[in-house]
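Student: one predicted model, sequence on top.
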Amino acid sequence: MAKYKCATCSKEIDLSTQTIAVVDGNVVCKEAICCDKYMDSVKEKFTGFGGIIKKANGSIGGKF
């Protein structure tokens with residue numbers, strides 16, 4: 001999911017699917033439109049995919 005915020009009215013939306021396009025040299029999301037302008041994306045802190053379990057000898061084993 002991606003979060004977008006309007007620079008004019010400060011409205012925030014969450015989009016689960018998005019279409020990326022290049023408009024006038026800027027990368028924008030076609031679905032994120034508010035106040036007749038494209039909304040700015042909000043960066044979220046990425047917490048990662050989880051930890052890797054290592055064995056005592058330092059090797060990683062098993063199937064994912």
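Tutor: Received it, and whenever you're ready, just let me know what you need.
Student: show me the contact partners of the worst-scoring helix or strand of the chain on mean pLDDT.
Tutor: Sorting the helices and strands of the chain by mean pLDDT, DSSP states H and E puts strand 40-42 at the bottom, at a mean of 85. The contact list for strand 40-42, computed with CB atoms under 8 Å, 6 or more residues apart in numbering, reads 2, 3, 4, 5, 6, 7, 12, 29, 32. Every C-beta, even on glycine, is put in place using the N, C-alpha and C of the backbone.
Student: please redo it, this time with the cut-off set to 10 Å
Tutor: For strand 40-42, contacts defined as CB atoms under 10 Å, 6 or more residues apart in numbering pick out 2-7, 12-15, 18, 27-29, 32.
Student: quick one: distance of it to the chain centre.
Tutor: 9 Å (CA atoms, centre = their mean, to the nearest Å).
Student: buried ones in that strand, by neighbour count?
Tutor: residue 41 (16 or more other CB atoms under 10 Å).
Student: what's near enough to touch the closest residue to residue 2 other than its chain neighbours?
Tutor: Counting by CB to CB, 6 or more residues apart in numbering, residue 2 lies nearest to residue 15, which is 5.2 Å off, once chain neighbours are set aside. Applying CB under 10 Å, 6+ apart, we find residue 15 in contact with 1, 2, 3, 4, 29, 31, 32, 39, 41.
Student: ranking those by neighbours, who comes first?
Tutor: Within the contacts of residue 15, residue 39 tops the neighbour count with 23 neighbours, counted by other CB atoms under 10 Å.
Student: my read: that one touches residue 5, true?
Tutor: Yes: at 6.0 Å, residue 39 counts as touching residue 5 under the criterion of CB atoms under 10 Å.
Student: now do the shared contacts for the two.
Tutor: Common neighbours of residue 39 and residue 5 (CB under 10 Å, 6+ apart) are 11, 12, 13, 32.
Student: top of those residues by neighbour count?
Tutor: residue 32 (20 neighbours).
Student: that one is in contact with residue 7, isn't it?
Tutor: No: taking contacts as CB under 10 Å, residue 32 lies outside contact range of residue 7: 11.4 Å.
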